[in-house]
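Undergrad: Model the following, please.
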Amino acid sequence: MEQSTAMNTLSQILEKLRSKGKDNELKMSDHGKMQALSLGKIYKPEDLTIVKTYRFEGDSDPADNSVLYLVEDQDKNIGYILDAYGIYSDHTGSSFDDFLKKIPTADRDEQELFS
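TA: Okay, the predicted model is just below:
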């Protein structure tokens, strides 16, 4: 039986996703939609559900602040959206935030997501 370990860092969660074959990164396309290159899919907000959110804050450097959204598509594929938050965000303008606000949420248990 696999022993459970706490996932407290961004790198630990990304490694767990990779080891489970769920490391599908979604990025905002030039057309205002999310694109998962590894899955060959383009998503509108209603095509996704945010199933878990992790926030990370650097101890001494505000540039270390980031948020990781685990998302599930209609085919039950798990992926993630990663962004810094605050003034260090990788996205200018409101399109990224507007897209995220339209995605429905359903908080899921980690054991369910990483099984």
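Undergrad: distance of Asp97 from Leu37?
TA: Taking CB to CB, to the nearest Å as the measure, Asp97 falls 22 Å from Leu37. C-beta here means a position set from N, CA and C on the backbone, and glycine is covered the same way.
Undergrad: Residues touching stretch 27-36, excluding its own?
TA: Contact partners of stretch 27-36, identified using CB atoms under 8 Å, 6 or more residues apart in numbering, comprise 24-26, 37, 41-44, 48, 73, 77, 79, 81, 91, 95-96, 99.
Undergrad: so which helix or strand takes in Thr49?
TA: strand 48-56 (DSSP states H and E).
Undergrad: could you give me the average pLDDT of that strand?
TA: Mean pLDDT, computed over strand 48-56, is 93.
Undergrad: and the next element down the chain from it?
TA: Proceeding N to C from strand 48-56, the next assigned helix or strand is strand 66-73, under DSSP H and E.
Undergrad: In its sheet, which strands sit next to that following strand, and in what direction?
TA: Here strand 66-73 has these sheet partners by DSSP bridges: strand 48-56 (antiparallel), strand 78-84 (antiparallel).
Undergrad: could I get the ones you listed as TSV with distance to Lys16?
TA: Output for the strands paired with strand 66-73, formatted as TSV (distance: least, CB to CB, whole Å):
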stretch	distance to Lys16
strand 48-56	11
strand 78-84	11
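Undergrad: No further queries at this time; thank you.
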